[in-house]
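J.: The sequence isn't on hand, but the structure is:
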C-alpha cells in the first residue's frame with residue numbers, strides 16, 4: 001500500500017517541491033506509525049499454533065485451492081516439485097502476524113527494479129530479494145518493448161510471484177507447508193472425477209491457454225490415454241501450476257513445440273528403417289503420441305530411431 005502511494009507521488013509534477021516534501025514526510029511518518037502498531041499488536045496477541053493448523057487445514061479443504069497447491073515440471077531429466085505461490089500465501093495467512101508482498105522500487109527506462117519480501121512481525125524474521133524486470137516481452141517476432149504502464153505492471157507481477165513465494169517459504173515453518181500439501185492431496189482425492197473427465201478438462205485447458213496439443217500431452221506423460229491413472233492427472237495439474245506460476249516455460253516442458261521438423265536425411269533414414277513394415281511403424285509412432293512421420297521433430301529423431309530399431313530384428 002505504502003509503496004504504491006510512493007510510486008504515485010513520483011509521477012506528480014515537480015513544480016511544488018515544498019508541498020511534495022511535506023506530503024512525503026507525512027506519508028513516511030504514517031507508515032512508521034502503522035509498522036509500530038503492527039509490532040505492538042503482534043506481541044500482544046501472539047499466534048496460537050493449534051489455531052494456525054486448524055485454519056490451514058480448513059483452507060486446504062477448498063478444492064479450488066487444492067487444485068493449484070502443488071507444481072511439478074521436468075528439468076534436466078528430473079522432476080522439480082514444490083508448493084505453489086497460492087499454497088505459500090494460504091500458509092502465511094493462516095499464521096497471521098505476517099506481512100508479505102512485492103513493490104516496484106524504481107522504474108528505469110528499460111527495466112524496473114523490484115523487491116519481494118516476507119516479514120514475520122511477531123518474531124521479527126524478514127526475508128527480501130531484489131530483482132530487475134526488463135521492459136520487454138518475448139514473442140514469435142522477437143522481443144517486444146513494453147510501453148504501457150499496465151503491461152509493465154503485469155510483467156513485474158508475474159516475475160515477482162516466484163520471488164515472493166521463495167521469501168514466504170523461508171519464513172513459514174517447513175512442517176506447516178508439509179501439512180498443507182498433505183491436506184490438499186486428501187482434498188483432491190475426495191473431489192476428483194474420473195480419469196477420462198479430468199483428461200478432457202486438462203487437454204482443453206492446455207490447448208486454450210498454452211496452445212499445447214493433445215499429442216504433446218501424450219508424449220509428456222509417456223503413455224497412451226487409455227492407460228492414464230490419477231497420478232498422471234496429478235502430474236498434469238502440477239505442470240499447469242508450474243506454468244502459471246512462471247516456474248517453467250512451455251518450451252521447457254514440451255521441447256517439441258520449440259523444435260524443428262526432421263531434415264530430409266533424418267526422415268529418409270526413418271523411412272528406410274520402416275520399409276516393408278509401415279503398419280508396425282505407424283503403431284509405434286501412435287503409441288509415442290505421433291499421428292505420423294510428419295509429426296516427428298528433430299528432438300525426437302533419436303528416440304524414434306531407437307524404437308524403429310526393433311523392426312529390423314523381426315521376422
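T.: Received it, and whenever you're ready, just let me know what you need. Model, not experiment: these values are computed from the prediction.
J.: what's the burial count for the closest residue to residue 91 other than its chain neighbours?
T.: The shortest distance from residue 91 to any non-neighbouring residue, by CB to CB, 6 or more residues apart in numbering, is to residue 172 (4.8 Å). C-betas here are computed from N, CA, C, even on glycine. A count of neighbours around residue 172, defined by other CB atoms under 10 Å, yields 26.
J.: wait, doesn't residue 172 sit right on residue 96?
T.: No. Using CB atoms under 8 Å, residue 172 makes no contact with residue 96, being 11.5 Å away.
J.: List the contacts of the residue nearest the centre of the chain.
T.: The centre of the chain sits closest to residue 245, judged by CA atoms, centre = their mean, with a distance of 2.2 Å. If you count contacts by CB atoms under 8 Å, 6 or more residues apart in numbering, residue 245 has them with 71, 84-85, 161-162, 165.
J.: And for residue 267?
T.: Contacts of residue 267 by CB under 8 Å, 6+ apart are 293, 296.
J.: Look up how far residue 298 lies from it.
T.: 10 Å (CB to CB, to the nearest Å).
J.: What of residue 107?
T.: From residue 107 to residue 298 the distance is 42 Å (CB to CB).
J.: Compare those two (neighbour count), which wins?
T.: residue 107 (18 against 14).
J.: Can you read off the backbone torsions of that one?
T.: phi -110, psi 120 (degrees, to the nearest 10).
J.: cool, and residue 98?
T.: phi -140, psi 140.
J.: Assumed residue 137 was part of a helix.
T.: No. Going by DSSP: H, G, I helix; E, B strand; the rest coil, the assignment for residue 137 is strand, not a helix.
J.: how would you label the residue lying closest to it once chain neighbours are set aside: helix, strand or coil?
T.: Spatial nearest neighbour of residue 137, excluding adjacent residues (CB to CB, 6+ apart): residue 144 at 5.0 Å. Classification of residue 144 using three-state DSSP returns strand.
J.: picking that back up, helices - which of the contacts of residue 245 land there?
T.: 85, 161-162, 165 (DSSP state H).
J.: What is the helix or strand encompassing residue 30 packed up against?
T.: Per DSSP states H and E, residue 30 falls inside helix 17-44. The contact analysis (3 or more CB pairs under 8 Å, 6 or more residues apart in numbering; DSSP states H and E) places helix 17-44 against helix 2-10.
J.: and the helix or strand harbouring residue 199, what other elements does it pack with?
T.: Assigned by DSSP H and E, residue 199 belongs to helix 195-210. If contacts are counted by 3+ CB pairs under 8 Å, 6+ apart, helix 195-210 sits against helix 214-221, helix 230-244.
J.: Residue 276: which of these is closest?
T.: Set against residue 276 and scored by CB to CB, the helices and strands packed on helix 195-210 come closest in helix 214-221, at 26.0 Å.
J.: Just the residues contacting that closest one, thanks.
T.: 74, 202-203, 206-207, 224-225, 228, 232, 235-236, 239, 253-254, 256-257, 288-291, 295, 300.
J.: Could you give me the buried positions within it?
T.: 216-221 (16 or more other CB atoms under 10 Å).
J.: Give me the angle between that helix and helix 195-210.
T.: Taking axes from the mean of the first three to the mean of the last three CA atoms, to 10 degrees, one finds helix 214-221 and helix 195-210 inclined to each other by 110 degrees.
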